[in-house]
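Q: What follows is a predicted protein model with its sequence.
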Amino acid sequence: MSDSSDDDIPLSKRSQQESRKRKLKVEKEESDFSDDEVPLKIRGKKAAAAAKNKSAPVAKKPKAEPSDDSHVSTAPVKKNGASNGKANGKVKAENGTAGAKSAKKRETKKGATPVDEDGKTEQEKEEEEAYKWWEAEQNDGTVKWTTLSHKGVLFPPPYEPLPKHVKMKYDGKPVDLPVAAEEVAGFFGAMLESDHAKNPVFQKNFFNDFKAVLKKAGGANVAIESFEKCDFTDMFNYFEEKRLEKKNMSAAEKKRIKAEKDKIEEEYKVCYLDGRKEVVGNFRIEPPGLFRGRGSHPKTGKLKSRVMPEQVTINIGAEAEVPKPPEGHEWAEVKHDNTVSWLATWKENINGATKYVFLAANSSLKGMSDFKKFEKARQLKNHIDDIRQDYRRELKDEKMVNRQRATAMYLIDVLALRAGGEKGEDEADTVGCCSLRYEHVTFKPPNIVVFDFLGKDSIRFYQEVKVDHQVYKNLKLFKRPPKREGDELFDRLDPPSLNKHLQNYMPGLTAKVFRTYNASKTMQDQLGKIPNKGTVNEKMVAFNAANRAVAILCNHQRTVSKSHEQSVGKIEDKILEIKFQRYRLKMQLAQLEPARKKKDPAYFERDAELTDEVIDKIIDNILTREREKIVKKVQRDNEKRAAEGETKLSEKEVEKETKEKLKAVSELEAVYAKEKKSSFKMPEVTVSSAEKVEQQIEKLNERITNTTLQLKDKEDNSTVALTTSKINYIDPRLTVMFSKKYSVPIEKLFSKTLREKFKWAIESADEKWVF
DNA sequence: CGCGGCACTTAGAATTGCCAGG
DNA sequence: CCTGGCAATTCTAAGTGCCGCG
C-alpha cells in the first residue's frame, strides 16, 4: 500500500501536541538518562514510587522467548469442562421462584410461630444459605433483581473537637482554629509520620484546602500563610496517645466496644435480594479525610469532604420501605432500578468519581459475575489458537493500523499487559498497552525489548523481554521519527477499537479476558507439574510457587515491609548460629573418633561463612540474649510473687538475684573463650557417644535446611503479592481441584472469606476439573 | 464518532486479628 | 503468658469497558 510512509505520522496532530506539552516540563532533565536506572522522567515525577519498586531493574532475566510452540501449542480442549460442575443447564429451581418461595415462608412462619427477635429459626437460616445460584438457571444478567430491600448507608460519626490543650502551632504559638479547620488540620496531624505527609505535593494540596476551610470558617487568631510554620506534633502525639490507650484497654472493654460497634452495623450489613439474605459490602459512607492518591497523583492530599445524605442516591425495590435519612436530612434521590446492583451511590468531590455501595464478594450477584468471568476466559481457549495465528500474521500487515493492533495483542497476550485507556492531566501518569509511549520501550539488539513504565497504581513494570523478531521490528518502527518522547507508540489504536476487533473472535472478548485466561492457564500448567507426594506442607510450598508464577505474570507487587530487612537479618543470624553449633558438634565428633576426620576431612572443615569475626559476633549475640533472658525472668518471677500475695523482693534483692544467675552466662562465656584458643577445634566433649553427636548434627542439618528454605521463600515473596491473583485471576475451581486431588485441606488454600466468596467453586469442582 | 458518564472489577495500603515462639 | 510478626480483612483508589448523547 502506498500509504505506508505517511502512515508513520500519527493521525491526530492534536494528541501529539498534547503529549508533547505534558512532556515539556521534564524535558531538560532528560539528558543523562542511563540504561540501568529509572528513566529520569519517572524518577523526577515519582521518586518515592520508583524507589519502592527497587526490585525491578537489570537483575531481571529476560523472559523466555514465547516461541510459537510453547505458547500457542495449547491443544484446544473440547468443551468438556462445564459438565463437571452442575452449573451448566441443570435447572434446580427457576430463577426468582426459589427466592420468592423462601420469602413467603418467612412471612407465614413469622405469623404462626413465636420466634425470637430477629424473626428467624435456625432452620430458616440454613434454608436461606442453602440457595445455590450456581445450580439454578442463569438469566441474561441485565435484570439483577426483582425485589430488593435494605437499610441504606451508615454515616461516619460527626467530628469530635480536640481537647482544648491540643492545638496546632503556628510559628511556635498555639492557634485557635475553628472546629471545621481543626478537623482538617487533624487529618494531616494524624498522618504526620506517614510517607504521604512528607510528599510536597500532598503538603501543598492539603495546605491549600486547609486554608480555604479556615478562611470560610472565619480564620484563626493568627494569619496562617506558610505550611512550614505549621506544627502538628501536638495533634499527632494526642492521636498516638489515644491509640495506645485503646491498645492497652482490657480485653473485656475491647470486647464491649466491639459489640457496640457491631450492634450499630448490624442492620446495615445485610439486605434482602429476591427475598434472600445477602451481605452488603461497604455500607459505610467514606469518612472525610485527605485524598491518598497513589504514585505522583497531582491531587494527592486534597480534602475529601464529608458526604451529606443530600448527595446520596438510594436504589431499592419499589415494594420495599425506603430507609430513613438521618434526622433533618433527605436523600438526593430514591431510585428503583433493577438493572444495576448498587444499593446507594454518591459522587466524590476530588475527581468527581462515582462511589457505590455494592453487595459483598460472597453475594450471589458478585458470585454470578465472577463465575461468568471465568467461564468467558475458559471459552477463550477455543479461540486462542486462531487469534495467535492471526496476530502473528498481521504483525507484517501492510496497514499500519493492523500492525499496531497485532503488536498490541502480542503484548497483551504474552506480557499480560492491561488494555491501557486514555488518562487525563489531573491523574497520575500511568499507562497500559495502548497508551505506551516512546520513552517506555528501548531496544537491545538483536531482539530484546526493555519495557519500563508505571502501570496501574503506579506500580513499575520493568522487563527485558526477548520478543518475536517482527515484534522487535514493529516496535522500532512505531518509534521512528517524527515520533519522539511523549508520543504514543500505538497512535492508531485504542482499547475500544482493539476490543471491537476481539469481538470478531468471540462475543464478549476484550483485552482484560487475556489476563484472566493466561493467569488461570499458567496456574493450571504449574499445578500440573507438582508431584502428588510428600507432606501437606511441601504441597503448600509448591502451590504457592505456582501462585507466585501467576502473580509475577500479572506483575502484582507489594512494597517490602519496613521490617523486612531486619527480619531477614534475624533469620540469617539464626542460620549462622546453628552452623556454628554444628561446627562445634563436629569438632566433638572429631575428638571422639579421630579416624573419621582422617577419612573425610572435608566434612570437618569449618563453614566458609564462619570467619573469626562472624563467630565473635555470634557468641556476642548468644551471650547478650542469655543475659537479657535472665534479667527478664527474675523480674517476671518477682511480679508473680507479688501477684500470688508474697512480698516482693526489693530492688537490691532483685539485683542480687540477677547477678547470681548471670554467673551461669559468664561461665558460658568462659567456655567459648577457652574454645576460641583452639579456634574451636577442641571444644569440651559434652555428648557421651559419637552416635549421639551425629544425631544432634543431623537435627541441626534439618534446621538449617528448613530455615534456609524459609528465608528463600521470604525473599522470593517479599515483593510479590499473591493474593491479588488468587482473588481475581486464578479460576478458584483450579484451587479446589488441587485441594481434592492432592488432599490439601481447602482451609489451607483459601481463607474463610475466600471460601465464602468461592463457595460456588468449592461445591462444583472435583479433582478432575480442568480450566 | 468521540467523549463523558456510569457501573463494575481489580489493586495495594492500612488496619485489625490471631497465634507461634520466646 | 505476651507479644512481634504475619495473615486476614477492610478500605478505597484506579483500572476496564460499555453506552448514550450531541
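A: Now that the structure is in, tell me what you want to look at.

Q: When you work out contacts or count neighbours from here on, use the C-alpha atoms and nothing else.
A: Noted.

Q: Would you mind listing what in chain A touches DNA strand B?
A: Counting by CA under 7 Å from any atom of the strand, chain A comes close to DNA strand B at A:194-196, A:339-342, A:354-356, A:366, A:369-370, A:373, A:456-457, A:459, A:512, A:516, A:554-559, A:721, A:724-725, A:728-729.

Q: Quick check on those: which are buried?
A: Buried subset of the residues of chain A next to DNA strand B (neighbour count, 16 or more other CA atoms under 10 Å): A:196, A:341-342, A:356, A:366, A:370, A:373, A:456-457, A:459, A:512, A:516, A:554-557, A:559, A:721, A:725, A:729.

Q: in chain A, which segments are predicted with low confidence?
A: Along chain A, segments meeting pLDDT under 70 span A:1-129, A:636, A:639-640, A:642-645.

Q: and with 50 instead?
A: A:1-120 (pLDDT under 50).

Q: For DNA strand C, tell me which of the buried ones among the residues of chain A next to DNA strand B show up nearby.
A: Among these, DNA strand C is touched by A:456-457, A:512 when using CA under 7 Å from any atom of the strand.

Q: I'd like the residues you listed laid out as CSV, including distance to A:Val441 and secondary structure.
A: Shown next, in CSV, are those (distance: CA to CA, whole Å; DSSP: H, G, I helix; E, B strand; the rest coil):
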residue, distance to A:Val441, secondary structure
A:Lys456, 17, helix
A:Asp457, 20, helix
A:Lys512, 22, helix
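
Q: Nearest to A:Leu162 among those residues?
A: Distance to A:Leu162 across these (CA to CA) is lowest for A:Asp457, with 34.5 Å.

Q: Go ahead and confirm that closest one touches A:Arg294.
A: Yes - the pair A:Asp457 / A:Arg294 is scored as a contact, 5.8 Å apart, by CA atoms under 8 Å.

Q: helices and strands around the helix or strand hosting A:Phe187, which ones?
A: Per DSSP states H and E, A:Phe187 falls inside helix A:179-190. In this structure, helix A:179-190 packs against helix A:200-216, helix A:233-247, strand A:289-290, with contacts taken as 3 or more CA pairs under 8 Å, 6 or more residues apart in numbering; DSSP states H and E.

Q: Just checking, which helix or strand succeeds that helix along the chain?
A: helix A:195-198.

Q: neighbouring contacts of that next one?
A: A:188, A:191-192, A:202-203, A:292, A:301 (CA atoms under 8 Å, 6 or more residues apart in numbering).

Q: with these in mind, which one is nearest to DNA strand C?
A: Checking those against DNA strand C by CA to the nearest atom of the strand gives A:Arg292 as the nearest, at 5.0 Å.

Q: quick one: the residue lying closest to that closest one once chain neighbours are set aside and DNA strand C, what's the gap?
A: Take A:Arg292 and drop its neighbours on the chain: the residue closest to it by CA to CA, 6 or more residues apart in numbering is A:Thr300, 5.5 Å away. From A:Thr300 over to DNA strand C the distance is 8 Å, taken as CA to the nearest atom of the strand, to the nearest Å.

Q: So A:Thr300 sits against A:Lys204, correct?
A: No - between A:Thr300 and A:Lys204 there is no contact under CA under 8 Å: 9.1 Å.

Q: Have a look at those two and say which one is more surrounded.
A: A:Thr300 (25 against 16; other CA atoms under 10 Å).

Q: part of a helix, is the more buried one?
A: No - A:Thr300 is assigned coil when assessed by DSSP: H, G, I helix; E, B strand; the rest coil, not a helix.

Q: Who are the contact partners of it?
A: A:201-202, A:205, A:290-294.

Q: Would you list the buried entries among those residues?
A: Buried among the contacts of A:Thr300 (16+ other CA under 10 Å): A:201-202, A:205, A:290-291, A:293-294.

Q: how about the spatially closest residue to A:Gln696 that is not a sequence neighbour, secondary structure?
A: Spatial nearest neighbour of A:Gln696, excluding adjacent residues (CA to CA, 6+ apart): A:Leu585 at 7.8 Å. Three-state call for A:Leu585 (three-state DSSP): helix.

Q: A:Leu585 and A:Glu684: what is the separation?
A: A:Leu585 sits 10 Å away from A:Glu684 when distances are taken as CA to CA, to the nearest Å.

Q: Looking at those two, which one has more neighbours?
A: Comparing A:Leu585 with A:Glu684 by other CA under 10 Å, the one with more neighbours is A:Leu585, at 25 against 16.

Q: what sits against the one residue in the stretch 501-650 of chain A that gets nearest to DNA strand B?
A: Using CA to the nearest atom of the strand, the closest approach of the stretch 501-650 of chain A to DNA strand B is made by A:His556 at 3.4 Å. Residues near A:His556 by CA under 8 Å, 6+ apart: A:720-722, A:724-725.

Q: Over to it: give its phi and psi.
A: phi -90, psi 110 (degrees, to the nearest 10).

Q: Let me know the helix or strand that the residue of chain A positioned farthest from its centre is in.
A: The centre of chain A is farthest from one residue, A:Ala595, which by CA atoms, centre = their mean lies 56.7 Å away. Assigned by DSSP H and E, A:Ala595 belongs to helix A:594-599.

Q: And the residue of the stretch 601-750 of chain A closest to DNA strand B?
A: Closest point on the stretch 601-750 of chain A to DNA strand B, by CA to the nearest atom of the strand, is A:Asn728, at 4.4 Å.

Q: Figure out the helix or strand that the nearest residue to that residue once chain neighbours are set aside lives in.
A: Computed as CA to CA, 6+ apart, the closest residue to A:Asn728 that is not its neighbour in sequence is A:Thr516, at 8.0 Å. A:Thr516 belongs to helix A:511-528 when assigned by DSSP H and E.

Q: buried ones in that helix?
A: Of the residues in helix A:511-528, those buried (16+ other CA under 10 Å) are A:511-524, A:526-527.

Q: Kindly report the same for stretch A:501-508.
A: A:502, A:508.

Q: Output it as CSV, nothing but the C-alphas.
A: The C-alpha coordinates for stretch A:501-508 follow below in CSV (Å, rounded to 0.1, in the frame of the first residue of the first chain):
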residue,chain,number,x,y,z
HIS,A,501,-11.7,-6.5,16.8
LEU,A,502,-11.6,-9.1,19.5
GLN,A,503,-15.4,-9.5,19.5
ASN,A,504,-15.0,-10.9,16.0
TYR,A,505,-13.4,-14.0,17.5
MET,A,506,-15.7,-14.4,20.4
PRO,A,507,-18.6,-12.5,21.9
GLY,A,508,-17.6,-10.6,25.0
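
Q: Distance from the chain centre to it, please.
A: 31 Å (CA atoms, centre = their mean, to the nearest Å).

Q: Same check on stretch A:342-359?
A: 22 Å.

Q: Quick check: end-to-end length of it?
A: Stretch A:342-359 has its terminal residues 7 Å apart, counting by CA to CA.

Q: in that stretch, what's buried?
A: Neighbour-count burial for stretch A:342-359, counted by 16+ other CA under 10 Å, picks out A:342-346, A:348, A:356-359.

Q: contacting residues around it?
A: A:150, A:152-153, A:278-283, A:291, A:299, A:302-305, A:307, A:311-316, A:341, A:365-366.

Q: Swap in 6 Å and give it another go.
A: A:279-283, A:311-315 (CA atoms under 6 Å, 6 or more residues apart in numbering).

Q: Widest-spaced pair of the residues you listed?
A: A:Val279 and A:Gln311 (23.7 Å).
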